[in-house]
Each structure stands twice: as structure tokens, then as C-alpha cells.
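Engineer: let me see the structure of the following:
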Amino acid sequence: MKTSKYILLAAMIALPVSMTLFGCSESSHEHAKAESDTDSVSNNSIVMSDEAIIWTCSMHPQVQLPEPGECPICGMELIPVGGSGSKDVGERKIELSESAKKIAEIQVTKVRKAKMTYQLRLNGSVEPDETTVRTITAWVPGRIERMYVSFTGATVRKGEPIFEIYSPQLISAQEELIQALEAHDELSTSHLSIVKSSALSNIASAEDRLRLLGMTRSQVEAIKKNRETNEFMLVTSPVTGVVLNKDVKEGQFVKEGQTLLRIADLQTVWVTFDAYEPDLAWINVGQRVKFTTETNPGEEFEGAVDFIDPVVNVHTRTARARVNMENANGKLRPGAYAHGVIYASNAVVEEMIMIPASATLVTGERAVVYVQDPANPHLYEGREITLGPKTNGYYTVIHGLAEGEMVVTNGAFKIDAAMQIQAKPSMMNPSGNSESNPDTQTGSSGAAGSASATGSTSSTAAEMSHSKGCGIITKAFTDAYQTYFDIQASLSKDNLGGAKTAANSFLVALPTETIKCMSKEIAKDFESKLTSLDLAANKISGANDIEVARAQFEPLSLGMIAMASEFGAAGEDTVFQYYCPMAFSGKGASWIQNEKGTANPYYGSAMLRCGGLKNTYANSRDAERNHAHGESNE
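Structural biologist: Below is the predicted model:
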């Protein structure tokens with residue numbers, strides 16, 4: 001479905017392009033005829049004889065007929081697009097005149113070999129160096145009595161006070177130390193060494209407990225010297241840096257382990273870049289990176305890749321490449337965007353074939369280029385190539401081109417459009433004529449071809465009906481056929497109401513019982529067909545949207561075509577089977593009519609004439625007469 005859309009788009013573009021390149025438009029054709037009558041040809045026009053004109057369809061460029069008329073596939077009027085009188089230059093080649101080359105603005109570039117370098121552009125941001133970030137937590141539960149750091153972003157130095165805390169637990173620990181000191185003094189005169197050592201051990205334990213609760217050695221020594229408890233403990237900064245987060249206020253009660261502050265030393269920072277999966281192969285530790293930041297416009301920084309993430313982020317499909325940077329002057333601010341460039345070299349040492357990216361027409365898994373013939377600069381050959389990595393506006397070519405060849409870098413799509421309109425292999429149609437209808441290539445309308453087979457089809461249907469011993473089967477379907485034709489006509493006119501009414505009439509007209517002359521086997525098949533027809537007609541009668549009705553008209557049509565094929569057409573009329581290859585997104589669909597001339601029920605007025613005659617079924621009287629005539633001849 002997707003490919004069909006691309007082919008349709010290319011065809012729409014191809015028509016005006018090809019008409020421009022070859023000078024084939026309605027006005028130019030009429031002008032050529034007028035000029036040929038007077039034997040005077042303008043130097044500014046491209047004049048072709050009537051025999052040189054090719055007529056094609058704007059929707060189906062594979063149709064190429066020598067005379068004007070209607071497209072055998074969709075019924076649209078054919079238009080002139082090119083000259084068949086020009087020499088055949090090959091299936092995958094096309095020749096342009098000098099004026100056509102100028103109109104198409106064709107430019108070519110020589111294929112060259114070069115060592116591949118990759119200018120890899122990355123986006124990232126400045127972040128604090130994680131190794132310098134310190135988190136300040138509450139060592140004891142208590143109340144923040146005073147904050148010396150009043151806001152986020154403040155600069156603090158190592159040893160400076162940051163807050164005071166009141167904690168009953170801390171006061172109790174201080175009293176234990178004082179009591180241990182007093183006990184040691186009282187037992188200092190004891191003659192028992194074990195008593196003295198026990199007193200010293202108690203002092204050491206009390207000191208360790210205070211240090212574990214967050215007191216510094218100097219604060220513990222001050223308590224030992226003064227023999228007094230401090231109601232509030234002063235907490236100082238362990239590092240010099242900037243406060244990144246402040247999660248506490250004066251008077252707030254905190255729990256043990258609660259985060260209060262985050263401080264980072266911004267003398268060094270990390271610049272991390274996000275690299276997508278295909279780019280990771282080009283990045284290595286130690287590569288130089290040049291980058292700029294939004295906060296320092298016009299100034300370029302340079303560093304080296306220090307670390308590459310060993311895993312890919314499953315959400316962004318990227319991995320981070322990290323650059324460590326000195327930041328003594330504070331210019332690199334955490335959170336700022338950074339735009340970096342890495343000049344990477346390919347691991348492959350030898351030179352590779354390189355072509356500009358504008359030379360390639362890429363679709364899906366295929367890549368096509370047009371190569372200028374070295375002996376004839378007006379001749380261009382379409383060629384499929386295998387592409388390697390893309391870098392700096394160039395593709396590497398693994399297979400399909402040789403050094404020194406000239407490839408089209410401007411106008412390639414116009415050449416491809418001209419190739420497609422001539423049903424030659426192109427970007428979207430690699431097989432060219434091979435996918436086209438043979439009838440459209442030979443000049444047959446398709447309808448005539450199918451009409452030639454009418455006699456055999458009708459005869460076969462009559463023989464089948466007669467051999468089943470029931471020549472009156474089709475008579476029971478006379479009213480059903482007529483109401484079916486009413487549904488078909490209503491849908492072709494975009495009349496949903498008429499189609500629903502006709503569907504209800506069809507249900508009434510549809511036979512409800514098998515014909516008595518049928519055998520059991522035939523009756524079973526007949527009942528199965530009746531059930532399918534009844535189901536489709538019911539859905540049409542209940543449809544609230546015309547597209548729903550059209551979707552159900554297809555199975556209804558298939559059932560009626562099967563009836564016409566097996567038993568012949570009902571009534572006095574010959575029945576014509578039509579087929580639209582574009583219905584239902586290129587799936588195609590058939591229907592039958594009692595009159596010649598395409599009236600497409602699947603598209604209605606949008607594409608009324610899209611479709612072609614595929615088969616003809618004789619009416620019941622003719623079928624019986626033909627069969628009887630065949631028996632008498634025998």
C-alpha cells in the first residue's frame with residue numbers, strides 16, 4: 001500500500017516533468033500538427049510526427065498506446081507524453097537533448113575515492129562533577145536552630161558554619177563524656193590498674209560516640225576542657241563549593257539521615273553529550289571534542305572524551321560521552337546546553353568510493369543513481385548501488401560505482417520520472433515493463449481482448465447450467481439481477497439512500513428455496529451462495545456510510561459473478577463484468593453491469609471510469625440456444 005502511494009506520487013510528478021523534457025503537451029502537439037501542415041517548424045519547439053506520439057494514462061504510466069483513447073484500466077483519457085520514434089538506447093537508459101538537459105538542470109559530479117572522515121555533531125549539557133558532590137545529612141534527630149546558608153547557589157568554604165542544631169540525644173552524649181571524665185578524676189588515686197583502665201575506656205567510648213554523632217575532634221576537646229555541655233551543635237562545611245540544593249529551613253525538625261544540603265565543587269565539571277546508536281562506532285575515549293555553550297556565545301572550548309556509557313538508554317536510544325573540564329573561572333555553568341563536534345576517522349585505512357548524497361534516490365532497501373555515459377554526455381543509465389555510511393553530505397559506495405564515473409547530482413529525480421513514464425526501470429518500479437499489463441504494451445485496449453473470450457465463457461456457462469439439468473435456474477434470478485444493477489448504479493452515483501433501498505428490494509427478490517430440478521450437490525452449493533448474498537445485502541441495507549456499503553458490495557458482486565459464471569445471466573440482457581485494480585487501496589475489485597461502459601461503484605464520481613471490461617456472460621436464452629446449437633452440430 002505504501003509502495004503504491006509512492007508510485008502514484010512519482011507518476012503525478014513524472015507526467016509534467018516528462019512532458020517538459022520531451023516537449024509533449026497538448027498545446028505543443030496541436031502546434032506541431034499546425035506547423036507540419038505548412039511545412040514550417042519553429043526553432044524554439046520540439047516537433048514530433050504523429051507516428052512518434054505515445055499516449056499514456058496519468059494514473060497508469062505503464063499504459064503506452066500508439067493512438068489516443070481511454071485508459072484500459074481506469075477509463076481516463078490518455079495524453080501524449082513522448083516519442084516512440086526515437087531510437088532505443090536500452091532498457092535502463094534514457095537520452096536527453098541539450099535543451100532537455102537545461103530544462104531539467106542536470107549537473108554531474110565525478111566519483112572519487114577518499115578517506116572517510118566523520119564530522120559528528122552532538123548535543124549535551126554541563127553537569128557537576130559527581131566525584132566532588134557532597135550530600136549533607138542530619139547525623140542526629142533535632143531542630144535546626146540557625147541556618148548560615150540562606151539560599152541555593154550560595155558559595156561556602158570548607159570549615160565554614162552552615163547550620164546549628166539542637167538535639168537532646170547530642171546533649172545526653174556530651175553529659176556521658178563529662179561523667180566519664182569526672183569518674184576518671186575520682187579514681188585517679190586508686191591503686192588498682194584495672195579501675196584506671198576502665199575509667200579511660202569509658203572516656204574513649206564517650207568521645208567516639210560524639211564523633212559518630214557528627215561532632216568534630218576540636219569540638220570534643222572543647223567539651224573535655226570546659227566540662228560543659230553545648231546546647232547547640234555547630235555543623236561546618238566539609239568541602240568548598242556551591243550549594244546545589246537546600247532542603248531545610250530554620251526551626252525545622254529533622255530526622256536522622258534526612259538530606260539537608262547538596263554542595264558541589266565546580267572547579268571541575270562534566271560536559272556530557274548524547275550519542276545515538278549509529279554514532280557510537282565513531283566515538284572513542286581520548287578523542288578531542290570542540291564545543292560551545294549558550295551561556296558563552298562565540299567562545300569555543302575543547303576537551304577529550306574521558307568516558308562512554310557502557311549501556312544505551314532504552315528510552316532515548318542514546319549513550320553518553322563524557323568530557324572532564326577544568327572550570328576555575330566558572331564559565332561552564334551546570335545545566336547549560338552544549339553543542340559539540342567530533343572529527344572522527346573511519347577505522348578502515350584504505351580510501352573508499354564517495355558520492356554526494358544528492359546523487360542518490362533512496363527508497364526502502366534500494367538506492368538508485370544515474371550515471372552519464374562517457375562516450376555520449378546526453379545518455380544516462382539508471383543503476384542500483386549499495387550504500388555504506390553517510391558523512392558530511394557524502395555516501396560511501398560499497399558496490400555499483402567505479403572511480404572516475406560521472407553521476408547526476410542535480411536533476412536525478414526528473415530523469416527518474418521520465419524513465420518511469422516510459423515504463424522503464426526506475427526508483428519506485430525496478431522491473432519496469434515486467435509489471436505492466438502486456439495488453440497495454442501491444443496497443444490492445446484490454447476490453448477487446450476480454451471480449452474475444454466472451455463466446456467461450458458464455459458457452460461454458462451454458463454447458464454447465466444445462467449439464468446440471470436445470471435450465472430455468474437463471475429465470476428465478478431475473479428480479480435479483482435487476483435490483484443488484486440498481487445497487488450498482490446508485491453507488492456509482494454516490495447515492496447511499498438509493499443503494500439501501502435497492503438492497504432491500506434485492507432481499508425480497510432473492511430466491512429463498514432451491515429449484516426442484518437441482519441435484520442435492522448443486523442445491524447445497526446454491527444455498528451457500530444464497531446465504532452469502534443475503535448477508536452482504538443486509539449489511540448494505542443497514543449501512544450508515546457509503547464506504548461501508550461499497551465494502552459490502554464487493555462480496556455481493558462476487559456472489560452474483562459466481563451465479564452468472566455457473567448458470568449464465570438472467571433475463572434478456574447480456575451481463576458485463578468490470579474490474580477496477582485500484583479499489584480498496586490497490587487490492588482490486590470486480591462487479592457486473594447490464595450496460596457497457598465503466599460505471600465504478602467503488603469510487604463513484606471520484607473515479608467513475610476507473611476499470612476495464614474483463615468478461616461477458618450471455619443471457620439465459622442465448623446460453624440455451626448456443627448449447628442446443630452445439631448439440632445439433634454434434
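Engineer: from now on I want contacts and neighbour counts done on CA atoms only, so please keep to that.
Structural biologist: Will do.
Engineer: what helices or strands is the longest strand along the chain leaning on?
Structural biologist: When the chain is parsed with DSSP state E, its longest strand is strand 117-128. Strand 117-128 sits against strand 268-276, strand 337-345, strand 386-391, with contacts defined as 3 or more C-alpha pairs under 8 Å, 6 or more residues apart in numbering; DSSP states H and E.
Engineer: please state the mean pLDDT value computed over that strand.
Structural biologist: Mean pLDDT, strand 117-128: 89.
Engineer: repeat that for stretch 291-309.
Structural biologist: Averaged over stretch 291-309, pLDDT sits at 93.
Engineer: cool, stretch 232-251 as well?
Structural biologist: 91.
Engineer: how far does that stretch stretch from one end to the other?
Structural biologist: The first residue of stretch 232-251 is 13 Å away from its last residue (C-alpha to C-alpha, to the nearest Å).
Engineer: run the chain-centre distance for that stretch.
Structural biologist: Its chain's C-alpha centre and that of stretch 232-251 lie 52 Å apart, by C-alpha atoms, centre = their mean, to the nearest Å.
Engineer: got it, and stretch 65-74?
Structural biologist: That offset, for stretch 65-74, works out to 36 Å (C-alpha atoms, centre = their mean).
Engineer: buried set for that stretch?
Structural biologist: 65-67, 69-74 (16 or more other C-alpha atoms under 10 Å).
Engineer: of the residues you listed, which belong to helices?
Structural biologist: Among the buried residues of stretch 65-74, no residue falls in helices (DSSP state H).
Engineer: figure out which of the helices and strands packed on strand 117-128 is closest to Lys587.
Structural biologist: Between Lys587 and these, the tightest spacing by C-alpha to C-alpha is seen for strand 386-391, at 31.6 Å.
Engineer: pLDDT on the very next helix or strand once past the closest one, on average?
Structural biologist: Note on strand 386-391: by DSSP states H and E, the next helix or strand toward the C-terminus is strand 394-399. Averaging pLDDT along strand 394-399 yields 88.
Engineer: same thing with stretch 77-91?
Structural biologist: Here stretch 77-91 scores 66 as its mean pLDDT.
Engineer: before we move on, what about stretch 479-498?
Structural biologist: On average, stretch 479-498 scores 92.
Engineer: same check on stretch 563-582?
Structural biologist: 78.
Engineer: now for Ala423, how many residues are close by?
Structural biologist: For Ala423, the neighbour count with other C-alpha atoms under 10 Å is 24.
Engineer: and the residue nearest to Leu401 when sequence neighbours are not counted, what does it touch?
Structural biologist: Distance criterion C-alpha to C-alpha, 6 or more residues apart in numbering; nearest residue to Leu401, sequence neighbours excluded, is Ile385 at 7.1 Å. Contact analysis of Ile385 by C-alpha atoms under 8 Å, 6 or more residues apart in numbering lists 366-369, 397-401.
Engineer: distance of Ile385 relative to Pro278?
Structural biologist: 21 Å.
Engineer: if I look at the nearest residue to Cys610 once chain neighbours are set aside, how far off is Tyr578?
Structural biologist: Excluding the flanking residues, the one nearest Cys610 by C-alpha to C-alpha, 6+ apart is Cys74, at 3.1 Å. In this view, Cys74 and Tyr578 are 10 Å apart by C-alpha to C-alpha.
Engineer: anything in contact with each of those two?
Structural biologist: Joint contacts of Cys74 and Tyr578 (C-alpha under 8 Å, 6+ apart) are 611-612.
Engineer: quick one: the strands in the stretch 1-150 of the chain, in order.
Structural biologist: 53-56, 64-65, 79-83, 93-95, 107-110, 112-114, 117-128, 133-137, 142-147 (DSSP state E, counting those that start in this stretch).
Engineer: need these in JSON lines (columns: distance to Ser237).
Structural biologist: Shown next, in JSON lines, are these (distance: least, C-alpha to C-alpha, whole Å):
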{"stretch": "strand 53-56", "distance to Ser237": "85"}
{"stretch": "strand 64-65", "distance to Ser237": "87"}
{"stretch": "strand 79-83", "distance to Ser237": "84"}
{"stretch": "strand 93-95", "distance to Ser237": "79"}
{"stretch": "strand 107-110", "distance to Ser237": "66"}
{"stretch": "strand 112-114", "distance to Ser237": "58"}
{"stretch": "strand 117-128", "distance to Ser237": "18"}
{"stretch": "strand 133-137", "distance to Ser237": "8"}
{"stretch": "strand 142-147", "distance to Ser237": "12"}
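Engineer: closest one to Pro377 among these?
Structural biologist: Nearest of the strands of the stretch 1-150 of the chain (C-alpha to C-alpha): strand 93-95, 8.9 Å.
Engineer: contact partners for Glu77?
Structural biologist: With C-alpha under 8 Å, 6+ apart, Glu77 has these contacts: 57, 68-71.
Engineer: beta partners for it?
Structural biologist: Glu70 (DSSP bridges).
Engineer: following the helix or strand containing Leu558, which helix or strand shows up next?
Structural biologist: Using DSSP H and E, Leu558 sits in helix 546-567. Under the assignment DSSP H and E, the closest C-terminal helix or strand after helix 546-567 is strand 575-580.
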